[in-house]
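Trainee: What follows is a protein structure lacking sequence information:
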Ligand SMILES: [Zn+2]
């Protein structure tokens, strides 16, 4: 368990959840929609004073979009609700969220 200290509050973060799925959303480039390209398990820590949250302790073996098991893992993770999205380009957020149900239903060949 890593030690993380909140500089503002002068207090150590505490582990809140082990095993949060971080889904990285890549920008699609010209004319293409942003798409999920990597899922990595990480841990969530929180400052008990200011409630600031960070994710760290990323697993060594993420699942990448070109792997066969990716779309099934993505579907399972999205349905579980235990995930955080991380955008390569924050302005892609709206476009991705408009299509997130396609990925949840597995109809998209991610
Ligand atoms: Zn704090």
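Mentor: Alright, I've got the coordinates. Please read these numbers as outputs of a predicted model, since none were measured by experiment.

Trainee: From the ion, how far off is residue 100?
Mentor: 31 Å (C-beta to the ion, to the nearest Å). (Each C-beta comes from the backbone N, C-alpha and C, glycine too.)

Trainee: Which of the three states applies to the residue nearest to that residue when sequence neighbours are not counted?
Mentor: Excluding the flanking residues, the one nearest residue 100 by C-beta to C-beta, 6 or more residues apart in numbering is residue 78, at 6.9 Å. Taking DSSP: H, G, I helix; E, B strand; the rest coil as the rule, one finds residue 78 in the helix state.

Trainee: okay, now residue 78: neighbour count?
Mentor: When neighbours are defined as other C-beta atoms under 10 Å, residue 78 has 21 of them.

Trainee: Surely it and residue 104 touch.
Mentor: Yes. With contacts counted by C-beta atoms under 8 Å, residue 78 reaches residue 104, the gap being 4.4 Å.

Trainee: what's around residue 93, how many residues?
Mentor: Residue 93 sits with 13 neighbouring residues when counted by other C-beta under 10 Å.

Trainee: So what does it look like in phi/psi?
Mentor: Per-residue torsions, residue 93: phi -60, psi -50 (degrees, to the nearest 10).

Trainee: Repeat that for residue 88.
Mentor: Dihedral angles (degrees, to the nearest 10) for residue 88: phi -60, psi -40.

Trainee: Surely residue 71 forms part of a helix?
Mentor: Yes. With three-state DSSP as the criterion, residue 71 is part of a helix.

Trainee: Please give me every residue in contact with the residue nearest to residue 100.
Mentor: 23, 100, 103-104 (C-beta atoms under 8 Å, 6 or more residues apart in numbering).

Trainee: how close does it sit to residue 47?
Mentor: Separation of residue 78 from residue 47 (C-beta to C-beta, to the nearest Å) stands at 28 Å.
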